[in-house]
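**Student:** only geometry, no sequence info:
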């Protein structure tokens, strides 16, 4: 091994030294010319030793002389380490040599009788010229001993162990000679030479002065053999692996092993690649055995596999070569089809390119008439180019055939279509890429420019016109990084080293992104790296994270129409994948690099490391609109219970919202929303794990319309992602442009606003409050009126049932309006029991109002359809109670039980049913159905009045009997139907403020309408009031008599008098004296 060196020569020898201190020995140095070399040798000596040797303490190495070893000088020993060995057997010899590189001596811990041959090792270092060292070492060496009482010893043998050269930088490059090897501890502490002398493990090491080391003897296979015994065997299930199969390499060891690693040296690779667990690599181990498995193997996994491990104090390497046949998809054809006009292009070329592989392939084209094949070598591949010099007369299929011994031939066809006279063609076009004349219905292909990889294609339409260019060219640098990240994810490489390197290179490659394929490759690289970081549990330093954020900033600034839109068309989850990858990598910062702050136009990052007892976390970003976040102490305290530090990463991304799909979860419906342009991602790490549970409070400024607090759920829509409001609530301060969001989990948040939603309007709020107040007062007045006249107006069965239904309507509506008016005073959200109770009561009471209206309508329908059928008052009243209270309770209870667990029961920021789920439909559906039934009954009543039947009695009697009921329904049903119909319109259409004002006026004044049209316009009620407050009546008054007859006419038949209370003489009154 020759290096440029200074005149210096070193030698290490082994001397028989038992139980004596280290000796200083001088050797003559020849002054003949020549380059200095260093050889560390091992001397074998026999000696007669009197008595048993005593164990000696480790001897320290002697210091180096103060002057440099000069060429041609006589120098003393530089180092002398004593390593006593056991019996002269090879086994005992190996076990005795366990010192770490000769840097210290070792005790002799064995017994030896007098006169026995004892083998000991003394490693010394000599200085002499490389021209004379063989002659010098051939002389008999008699090493002196420090003690005169030491027994005599005779040199029995000499073995060279190490050869060293001194480099011009002062370092010594040392390599082991055959049969010797560096100790494993020496290998781990010294850096290897750039060009190892041997292929073996740890073949050449670099020592800095005044360091020195020596190689040790390997254990032989048998007492009579000089070959070393490798403590293990490496077996392969099959040397030729078919694509798609699973490769299994098994190491069986006979000794305990440590530091076991697997490596792969692909064809053409300058150095082996470390194999780690990944998507295709699986590592398993058990006592005495280790297995490497490669799933779904392809030609990218072909090469020389190395198993490196340490056993018996040495480092060992075992090798196996794996060959994988190529597939048709591994062979690049340019073009894979071709249409050509022999008139314009009489000659053409076809290429068949193969990647480098350990298998030997023979390639040939057929047919070969009128053509010539040539071989072209490219980096990492070679191509067989067929130049067809004579254009064939008819369509021809050319075949590239690849043959390898013992394998089935691989045939790759290329079809060539000849354009005949009269065929429709697309003309030659050289606007951006040179497109030759192409037959209609065929696809033309062209190679990508220099430094770009891929093929661009263009279809010639049936009418002979060119269609848009498809396919794509990818920048070679970006594609190389993509392949590196893919292999790193699969299991090839060292993630802790290569991931930061790839991130640093990505920052530069982001500047050259000019096509959708470039963008997809760049984003794919970031996604692969994020998964590698998570799987390998590695942490990034500041420089790597800065490189990532710079790349993200540039990516978010790329043109949307020319780059992002085509990329999203090819892969809809592109934006979602970028968000997940950046969020994952951003929280992987090393703890020692906290706190860290970084700000660019589209990316802002702030990290903070909290102690085991974290306080409240607050962060703010000077963005437009401004953004603040707060995590209370109660959410962070459980994370630091074990004394672990808590790190929080807050990341704000601008412009990302326009790159995410417009997909919304169930709670948001199918509406179209707008975002403020900011996405806030908060991550909490504790003990190396990410936590996504905890309360976070965020303030988004500058939001207009109706806000919705949302987060990006990557699991929605089959992995494409979408906005969801689950676990998030709005707490908007009145008359404030800031939206406060409270969420129960940690992820990427934003605020959605409905652009067509009517914003908060103080006029509508005041109008609603005034209307509800007036309605409540009117309903209370109505209850007072009924308290005064109830016994008078319910003297007939029909009147009793009608006024009972109306009284329940008044009671339910009064309670509902009061609850609705007080609900805004309660804290909103599902965590507020009062808010939940208010929403449930409003739902139940408003439904009860409409169901009592339905009961009143069904009673009228029965009178219209079944004239002679009398109903029992008790039975009818029971049915009305069931219909008026039990049915609405069922709807309200079902809505609460079904939608509250889903988080879809309450509307954001209000104590009312959510309109984004199905809760609101449990109210709107029954109301619309009741309005429809009431309208149908009203139509039947009007028809009966216009077309009376002769059997139903005089027209005047029938009209008067039905007048009160019809009048009530004629007023109440249209009013209720109109108001709630407009309410539905405001929820669905959201186009104007006019429906909101009309709905507010009519809905909040329902009590006033009931008082006027349902109560005071009833003639019997008015007469009862006049009788109560105006007791002086003329003798000929007929008020009570008219009331009596109205009761009679309210009955369908004359035979119902027994069922009607008879008026007293005071009530009837006569003109008699």
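**Tutor:** Received the coordinates, thanks. Everything numeric in this text was worked out from a predicted model, so none of it was measured.
**Student:** tell me the strands in the stretch 251-400 of the chain, going along the chain?
**Tutor:** 258-265, 273-275, 281-286, 289-294, 303-311, 314-322, 332-334, 337-340, 348-355, 362-366, 371-378, 381-388, 396-403 (DSSP state E, counting those that start in this stretch).
**Student:** after the last one comes which helix or strand?
**Tutor:** Along the chain past strand 396-403, the next helix or strand (assigned with DSSP states H and E) turns out to be strand 410-418.
**Student:** That following strand to strand 362-366, inter-axis angle?
**Tutor:** Inter-element angle recorded for strand 410-418 and strand 362-366: 30 degrees (by axes from the mean of the first three to the mean of the last three CA atoms, to 10 degrees).
**Student:** Strand 410-418 pairs with which strands?
**Tutor:** Under the criterion DSSP bridges, strand 410-418 sits next to strand 337-340 (parallel), strand 396-403 (antiparallel) in its sheet.
**Student:** rewinding a little: reformat the strands of the stretch 251-400 of the chain into a markdown table and put mean pLDDT, mean neighbour count and distance to residue 219 next to each item.
**Tutor:** Using the backbone N, CA and C atoms, a C-beta is placed for each residue, glycine as well. Below are those laid out as a markdown table (pLDDT from 0 to 100; neighbours: other CB atoms under 10 Å; distance: least, CB to CB, whole Å):
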| stretch | mean pLDDT | mean neighbour count | distance to residue 219 |
| --- | --- | --- | --- |
| strand 258-265 | 93 | 17 | 17 |
| strand 273-275 | 94 | 21 | 27 |
| strand 281-286 | 94 | 14 | 23 |
| strand 289-294 | 95 | 19 | 21 |
| strand 303-311 | 93 | 21 | 10 |
| strand 314-322 | 91 | 19 | 8 |
| strand 332-334 | 86 | 17 | 50 |
| strand 337-340 | 88 | 22 | 63 |
| strand 348-355 | 90 | 19 | 41 |
| strand 362-366 | 91 | 16 | 45 |
| strand 371-378 | 87 | 12 | 45 |
| strand 381-388 | 90 | 18 | 44 |
| strand 396-403 | 92 | 17 | 46 |
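**Student:** now those strands in a markdown table, with distance to residue 647?
**Tutor:** Output for those, formatted as a markdown table (distance: least, CB to CB, whole Å):
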| stretch | distance to residue 647 |
| --- | --- |
| strand 258-265 | 31 |
| strand 273-275 | 29 |
| strand 281-286 | 30 |
| strand 289-294 | 35 |
| strand 303-311 | 36 |
| strand 314-322 | 38 |
| strand 332-334 | 47 |
| strand 337-340 | 56 |
| strand 348-355 | 44 |
| strand 362-366 | 56 |
| strand 371-378 | 48 |
| strand 381-388 | 46 |
| strand 396-403 | 54 |
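**Student:** Tell me which of these lies nearest to residue 247.
**Tutor:** Shortest distance between residue 247 and the strands of the stretch 251-400 of the chain, using CB to CB, is found for strand 289-294: 4.0 Å.
**Student:** by contact count, what packs against that closest one?
**Tutor:** Judged by 3 or more CB pairs under 8 Å, 6 or more residues apart in numbering; DSSP states H and E, strand 289-294 is in contact with strand 247-253, strand 281-286, strand 303-311.
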